[in-house]
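Engineer: structure here, sequence nowhere to be found:
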C-alpha cells in the first residue's frame, strides 16, 4: 500500500473546494441519469482496483481480518452499488399524482431532484463502508459531495483520499482529511445537506451548526441497544447469533447488542452457550488470534478496561495493552447504576441482566433513550408483537442480530437520541433527494368560483370541498 502524507486543509482551501463544487453542480452535469450511472460504475471500478489496499488499511487501523473486512465493508459497498445501478432509472423518474376535483384540468407530479453539494462525515468503526454507503446515495441522487473520513483510522482515510482523488475530479467528489479543526471549518460551510454518522454528542454539535443555516441533516447515531432472550428461545442458536453480533469488529459496531436481558430460567445455559460460541469463533485465547480485531486507540481501550470493574466477569476479561485487544467478555451481576450501563459500550463487553417479568424489561428500556437497534429471541408471536409495538427503536431483528443492516431493501436509521433519517438502497436515494411538487394548470378553461370576485358560489364550493 502506497504511503502518503495528509494534506493540511486550511479554511481558505475548504472555502474554495465547496465553492467549486457548487459551481460544478450549477452546471447541471450531475442531473443526467446517464452521468450518475457512469460515476457509480466508476466508483465500483475504483474500489475493485484498490481492494487489496483497502483490506490492508482496515487491518492496520482496526485489526480486521480479510473475511470480516470484505463482508462488512467492501462487499457491502458492492451490493449497494449493484442495487442502485439496477434501480436508479426507476427511482429518478418523476411520478404522476392524482388530480383533485378542485383542480380539474390540471396535472400534478413529483420530481426528485438533488439537494446540491452535500457533506458526509464518517466515523472510525466502519471507516470504509460508512463513507461509501451514503456517498452512493448522494451520487445516485445527482449531488456533488465533500467527504470527511475519521482521523482515528488514518490508513483508511489515506486510501480513501487517494482513490477518490485518482478517479474523480474534486469539483465533483472531494475528500478532506484532518481532525477537529477540519470538521469545524466544514460545518461553517453553506452545504445543501449534511449526513453524519457518529456519537450522539457530536451529532448535537453537527445539528446545531446545520440549524444556523437551516441545512437539512441525517444523523446516524447510537445508544444502548438491548438484546432480549425470552424463555422460549432456541438457546444454542441465540447464543451463536448474539456472539456474532456483539463481537464482530470487537464490539465497535453502533448496532451491536449493548446489553443482554435474559429470562431468569435461561440465564445459566445461555451464558454457557455464548462461551461455546465465542470459542467456536475465536478459540480459547482470542487476544492472541491475529484475525480478532483491536480497539481503535488507547483512549477507548482504557475506557473499556474501566468497565471490567463493574459486576462480575464470568467469562473473558483478559486483555493485551500493547495490542489494544480485549477478549470477548461477559459481565454478570450488573445493574443500571453501574458505569457500564450509563453509555454505549462500543467494545467486546456484554453485561447480562436477568428478568422474570417481560413488562419490567419493556418499562426499563422505555425509561431510557430510544435505542438504535433492538434484538428479540423468541418464537412466541405474541411476545414478538408485544416487544416490537411497545418499544420504540431504530430497527432490529427477531431471532438474529445485525442482519437488518445487511439488506438494502430495509431503511436503516435511528429514532430520538439514536438519530434521525434513514438510508440504504432506495432510501439512500430518497435521503439525498428533494421531492419537488409541480402542478401544471390548463389554459383551456378557467374555474371562476375560486376568485374573490365570484359571488353566490359558496354552495358550489361546499359541495366540492365537503
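Structural biologist: Ah, there it is. Values in this document were obtained by computation on a predicted structure and should not be read as measured data. Numbering: from 1, shown residues only.
Engineer: what's near enough to touch residue 390?
Structural biologist: Contacts for residue 390 (C-beta atoms under 8 Å, 6 or more residues apart in numbering) come out as 362, 366. The C-beta positions use only the backbone N, C-alpha and C, and glycine is treated the same way.
Engineer: how much space separates residue 272 from residue 266?
Structural biologist: 11 Å (C-beta to C-beta, to the nearest Å).
Engineer: for residue 457, same thing?
Structural biologist: 71 Å.
Engineer: again with residue 403
Structural biologist: 22 Å.
Engineer: buried set for the helix or strand containing residue 244?
Structural biologist: If you go by DSSP states H and E, residue 244 is part of helix 235-247. Within helix 235-247, the residues scored as buried using 16 or more other C-beta atoms under 10 Å are 235, 238, 239, 240, 241, 242, 243, 244, 245, 246, 247.
Engineer: could you point out the helix or strand that follows that helix?
Structural biologist: Next along from helix 235-247, by DSSP H and E: strand 259-263.
Engineer: tell me what that next one is packed against?
Structural biologist: Counting contacts by 3 or more C-beta pairs under 8 Å, 6 or more residues apart in numbering; DSSP states H and E, strand 259-263 packs against strand 226-229, strand 349-355.
Engineer: quick one on the thing from earlier: who's more crowded, residue 403 and residue 266?
Structural biologist: Neighbour totals were compared for residue 403 and residue 266, and residue 266 leads with 19 against 15 (other C-beta atoms under 10 Å).
Engineer: and the more buried one, what does it touch?
Structural biologist: Residue 266 neighbours (C-beta under 8 Å, 6+ apart): 229, 230, 231, 233, 235.
Engineer: among the residues you listed, which ones are buried?
Structural biologist: Buried among those by 16+ other C-beta under 10 Å: 229, 230, 233, 235.
Engineer: next, format those residues as CSV and append pLDDT and distance to residue 129.
Structural biologist: Shown next, in CSV, are those (pLDDT from 0 to 100; distance: C-beta to C-beta, whole Å):
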residue, pLDDT, distance to residue 129
229, 98, 28
230, 98, 32
233, 97, 30
235, 97, 32
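Engineer: just checking, residue 14 touches residue 178?
Structural biologist: No. Applying C-beta atoms under 8 Å, one finds residue 14 not in contact with residue 178, separated by 9.3 Å.
Engineer: grab the nearest non-local neighbour of residue 95.
Structural biologist: Of all residues not flanking residue 95 in the chain, residue 110 sits nearest, at 4.8 Å (C-beta to C-beta, 6 or more residues apart in numbering).
Engineer: list the residues that contact the one you found.
Structural biologist: Residue 110 neighbours (C-beta under 8 Å, 6+ apart): 94, 95, 97, 435, 436, 437, 438.
Engineer: what about the chain, any weak spots by pLDDT?
Structural biologist: 1-6, 453-456 (pLDDT under 70).
Engineer: now do 50
Structural biologist: Counting by pLDDT under 50, the chain has low-confidence residues at 1-3.
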